[in-house]
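Q: got a predicted structure plus its sequence, pasted below:
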Amino acid sequence: MFEDEASFRQDPSLYQTWAPRGEQPRIPTTGQRHTQKIFGAVALRQPRFHFHQATVFNGATYTQFLQQLAESYPRRRIILIHDNVAYHRAPEVKSWLSGQRRFEVAALPPYSPELNAVEPVWHHTRLQATHNRYYPETEQFIASLRGALQNMARHPNQIARYLQPFL
């Protein structure tokens, strides 16, 4: 499984879209800086997407996500490939992993997001939930983001083509 984290901001981002020549698309904004923090992991052989929403990225919240992964695969060995962010090596993470014989962890080289299979999934999430969209209320933003994430978790065929280069 490949693991990564992403922050999604409520303020809109312009992405490729159609517009008449000379008329730049405009999306309103509230000026809010509300952000949702999401841990995500993809299994490659039988495509599957897992996510966990957190208030912050730290050792404790990462351990919660790892526990969620362990519960999703109760009898399987998990080879977890993640980046080198500091909280992946936090004491509570090391302690939790030391008690998990089914987990084998490997770190990606520094500054190599192109090697992480979750990165294209984050792009897909932004296309589905945040790019070119205006959410005047935080609740609308969270509902859209959560809906896109849950949809991928329920229907991993949506992201299967993104995972092909990693097989």
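A: Yep, that arrived. Keep in mind the model is a prediction, meaning the values are calculated, not measured.

Q: A helix includes residue 6, no?
A: No. Read with DSSP: H, G, I helix; E, B strand; the rest coil, residue 6 is strand and lies in no helix.

Q: residue contacts, it?
A: For residue 6, the contacting residues are 37-38, 40, 118, 122, 125, by C-beta atoms under 8 Å, 6 or more residues apart in numbering. Bear in mind the C-beta positions are built from the backbone N, C-alpha and C, glycine included.

Q: look up which residues are beta-bridged to it.
A: Going by DSSP bridges, residue 6 is paired in beta bridges with residue 38.

Q: could you tell me how many residues sit around residue 23?
A: For residue 23, the count of nearby residues is 7 (other C-beta atoms under 10 Å).

Q: find me the pLDDT at it, would you?
A: For residue 23, the pLDDT comes out at 85.

Q: one step back: now, among the contacts of residue 6, which is nearest to residue 26?
A: Nearest to residue 26 among the contacts of residue 6 is residue 125, at 23.3 Å by C-beta to C-beta.

Q: could you find the closest non-adjacent residue to the closest one?
A: Among residues not flanking residue 125 along the chain, residue 148 sits closest, at 5.3 Å (C-beta to C-beta, 6 or more residues apart in numbering).

Q: enumerate every residue touching the residue nearest the centre of the chain.
A: With distances taken as C-alpha atoms, centre = their mean, residue 40 lies nearest the centre of the chain, 3.7 Å away. Applying C-beta under 8 Å, 6+ apart to residue 40 gives the contacts 3-6, 49-52, 118, 121-122, 149.

Q: counting neighbours, which of those comes out on top?
A: Among the contacts of residue 40, the one with the most neighbours (other C-beta under 10 Å) is residue 118, at 29 neighbours.

Q: what sits against it?
A: 2-4, 6, 40-42.

Q: give me that answer again for 6 Å
A: Contacts for residue 118 (C-beta atoms under 6 Å, 6 or more residues apart in numbering) come out as 2, 4, 40, 42.

Q: what does the pLDDT read for the nearest residue to residue 49 once chain neighbours are set aside?
A: Excluding the flanking residues, the one nearest residue 49 by C-beta to C-beta, 6+ apart is residue 152, at 4.6 Å. We have a pLDDT of 97 for residue 152.

Q: now do the SS call for residue 152.
A: Applying three-state DSSP: residue 152 is helix.
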